[in-house]
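*Asks:* From the sequence below, what's the structure:
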Amino acid sequence: MNSETTVHRPSSTVQLKIVALAGGVGGAKLAHGLAQILKPEELTIIVNTGDDFEHYGLYICPDLDTVCYTLAGLANPETGWGRVNETWQVIENAKRLGGPAWFNLGDQDLGTHLERTRRLKEGASLSQITRDFCKSWGIEHTVLPMSDQPVRTIVETDEGELAFQEYFVHKRCEPRVKGFRFEGADVAEPVSGALEAITSADAVIVCPSNPWVSVDPILRVIQKIEKPVYAVSPIIGGETIKGPAAKMYRELGIEPSALAVANHYRGLVRGFVLDKIDTPLDQSVRDLNMQTLITNTIMRTTDDRKQLAMDIINFIGATV
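*Replies:* Numbers count the residues shown, from 1 in each chain. Predicted coordinates:
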């Protein structure tokens with residue numbers, strides 16, 4: 001199939017059940033696009049929890065909250081994370097009293113962490129809490145944390161092993177990356193409903209999330225996907241729109257590109273989505289035995305998210 005001919009622009013009429021694997025801002029944006037064109041019973045979103053951590057004694061789930069806030073229309077449109085119209089009174093006062101200042105928590109966001117932590121301490125599972133939060137926020141589609149058991153992404157660097165948020169926020173991604181490991185992934189089980197959603201799905205979409213630290217933890221927990229998998233490159237023109245994925249590739253000795261991402265998913269992915277900027281890489285990706293879709297993958301607006309989702313669904317419908 002000629003990838004140049006696979007872009008379809010009319011409203012999607014393809015009826016598919018989809019599971020999306022997501023983490024970070026790019027993953028949240030595509031999840032939002034998919035939620036605009038798929039019915040609630042047609043879409044399940046499984047979210048990375050490898051970057052969860054505790055701060056000020058609160059249990060914080062950055063990727064899970066970013067996806068949920070985005071789906072609920074509560075996300076800060078400028079940063080892509082955190083809450084819109086946020087204030088910072090609590091954390092600013094805590095800092096003045098000598099509290100840790102390296103990770104900002106907004107006042108509205110703190111309410112999420114306070115209630116999640118309270119319920120976890122009472123024995124509720126993360127998936128139960130996430131389901132209830134989604135209902136409160138008016139999210140109709142199913143959002144699942146990848147596991148109710150803790151999995152922690154550890155970044156191996158030239159400064160030693162660092163917990164992900166220590167590397168990502170406190171150290172501002174400055175340490176040189178040598179590798180990654182996912183503490184607890186070998187014993188963590190997928191949450192109830194995750195494997196069932198994959199089994200009943202027509203296809204799985206790997207959102208344009210960081211392959212190393214957002215998608216790999218999910219894949220380690222899920223372990224095996226016996227459905228057609230389609231991935232969207234988070235690297236466009238050799239760089240990422242947001243986040244350290246391109247820097248990580250360079251420091252691991254791999255030239256960052258959409259082709260490098262395709263190689264990362266080799267053996268897993270049937271179809272691969274590249275941005276138009278990366279058209280020259282199309283044949284090299286197809287040589288990896290992947291079908292390709294070339295389209296605009298930069299999601300600056302809500303309409304961009306919906307259009308990309310529509311392009312991908314039509315691509316899957318034509319190739320699944």
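
*Asks:* For stretch 210-223, C-alpha coordinates in CSV please.
*Replies:* Provided in CSV are the C-alpha atoms of stretch 210-223 (Å, rounded to 0.1, in the frame of the first residue of the first chain):
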residue,chain,number,x,y,z
ASN,A,210,7.9,8.6,25.2
PRO,A,211,8.8,5.1,24.1
TRP,A,212,11.3,4.6,26.9
VAL,A,213,9.6,5.9,30.0
SER,A,214,5.8,6.2,29.1
VAL,A,215,5.1,3.2,26.8
ASP,A,216,7.7,0.6,27.8
PRO,A,217,6.4,0.4,31.4
ILE,A,218,2.9,-0.3,30.1
LEU,A,219,4.2,-3.0,27.7
ARG,A,220,6.2,-4.6,30.5
VAL,A,221,3.1,-5.0,32.7
ILE,A,222,0.8,-6.0,29.8
GLN,A,223,3.5,-8.3,28.5
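
*Asks:* which of the residues in stretch 248-263 are buried?
*Replies:* 248-251, 256-262 (16 or more other CB atoms under 10 Å). Just so you know, the C-beta spots here come from the backbone N, C-alpha and C atoms, and that holds for glycine as well.

*Asks:* who's in contact with it?
*Replies:* The contact list for stretch 248-263 (CB atoms under 8 Å, 6 or more residues apart in numbering) reads 176-179, 210-213, 231, 233-236, 238-240, 245-247, 269, 272, 274-275, 278, 281, 284-285, 288, 290.

*Asks:* Quick one: buried ones out of those?
*Replies:* The neighbour count (16+ other CB under 10 Å) marks 177, 210-213, 231, 233-236, 240, 245-247, 269, 272, 274-275, 278, 281, 285, 290 as buried among those.

*Asks:* Cross those against strands and list the overlap.
*Replies:* Among the buried ones among the contacts of stretch 248-263, the residues falling in strands (DSSP state E) are 177, 231, 235-236, 240, 272, 274-275.

*Asks:* these two touch, right, residue 22 and residue 70?
*Replies:* No. With contact defined as CB atoms under 8 Å, residue 22 and residue 70 do not form a contacting pair (9.5 Å).

*Asks:* now the buried residues of stretch 248-263 as CSV including pLDDT, secondary structure and distance to residue 298?
*Replies:* Output for those, formatted as CSV (pLDDT from 0 to 100; DSSP: H, G, I helix; E, B strand; the rest coil; distance: CB to CB, whole Å):
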residue, pLDDT, secondary structure, distance to residue 298
248, 97, helix, 20
249, 97, helix, 19
250, 97, helix, 21
251, 97, helix, 25
256, 97, coil, 16
257, 98, coil, 16
258, 98, helix, 13
259, 98, helix, 18
260, 98, helix, 18
261, 98, helix, 15
262, 98, helix, 18
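
*Asks:* For the residues you listed, work out which two are farthest apart.
*Replies:* Across these, the longest distance by CB to CB is 19.6 Å; it joins 251 and 262.
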